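1. Need the 3D shape of this:
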Amino acid sequence: MVNEKKIRLMTKAAMIEENNRRKLFISKKFYNGDFVFFQTIKAVIGVTVAFAIIVGIILIDGADALTTQYSVSDISVYLRALLFIYIGTIVITVIISIISCTEKYYKSKELMKEYSSVMKKLGRGYGVANKQKRSDGNE
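-> Predicted coordinates:
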């Protein structure tokens with residue numbers, strides 16, 4: 001005999017798992033600090049690579065003017081400005097990454113709680129059915 005309540009619980013669990021497959025197990029695999037740290041490091045590395053590429057393109061494009069028109073003191077002023085821009089970009093990236101990854105972690109934790117709740121209800125339903133079968137002697 002098919003139990004409608006079990007079917008609904010199984011469907012709900014399957015929907016949660018299917019729609020949030022990657023998000024669901026973040027809180028199970030990582031601690032909050034570890035997840036935020038790794039995601040922040042990835043973001044910083046990505047921004048650093050992008051910044052280096054942009055600066056490299058600008059330097060290649062203006063290499064002739066850089067060597068003929070500017071003095072060493074002018075170049076050092078530009079390099080300091082680039083360093084401050086880079087540091088500012090990294091600080092902003094770290095702040096945004098920490099906020100977004102912390103939010104993503106806690107959403108994953110809530111999804112995992114909901115999924116676990118459904119699975120526990122489903123398990124209890126099977127536990128009750130198994131106990132009834134054993135008491136009837138129909139195994």
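2. secondary structure element for the residue nearest to the spatial centre of the chain?
-> Nearest to the geometric centre of the chain sits Cys101, at 5.4 Å (C-alpha atoms, centre = their mean). Cys101 is part of helix 72-136, with elements assigned from DSSP states H and E.
3. and the gap between the residue nearest to the centre of the chain and Val94?
-> 10 Å (C-beta to C-beta, to the nearest Å). Glycine gets a C-beta too; all of them are placed from N, C-alpha and C.
4. Identify the contacts common to those two.
-> Counting by C-beta atoms under 8 Å, 6 or more residues apart in numbering, the contacts common to Cys101 and Val94 are Thr40.
5. sorry, back to before: now do the helix holding Cys101: which elements does it pack against?
-> Helix 72-136 sits against helix 4-19, helix 21-24, helix 26-29, helix 32-61, with contacts defined as 3 or more C-beta pairs under 8 Å, 6 or more residues apart in numbering; DSSP states H and E.
6. Save those as TSV, and put in mean neighbour count too.
-> Shown next, in TSV, are these (neighbours: other C-beta atoms under 10 Å):
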stretch	mean neighbour count
helix 4-19	13
helix 21-24	12
helix 26-29	15
helix 32-61	13
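7. which stretch in the ones you listed has the least confidence?
-> The minimum mean pLDDT among the helices and strands packed on helix 72-136 belongs to helix 21-24 (a mean of 66).
8. Look up how far Tyr115 lies from Lys109.
-> In terms of C-beta to C-beta, Lys109 sits 11 Å off from Tyr115.
9. More neighbours: which of those two?
-> Comparing Lys109 with Tyr115 by other C-beta atoms under 10 Å, the one with more neighbours is Tyr115, at 18 against 15.
10. which residues touch Ala43?
-> Applying C-beta under 8 Å, 6+ apart, the residues contacting Ala43 are 93-94, 96-97.
11. one more time with 6 Å, if that's ok
-> Contact partners of Ala43, counting by C-beta atoms under 6 Å, 6 or more residues apart in numbering, are 93, 97.
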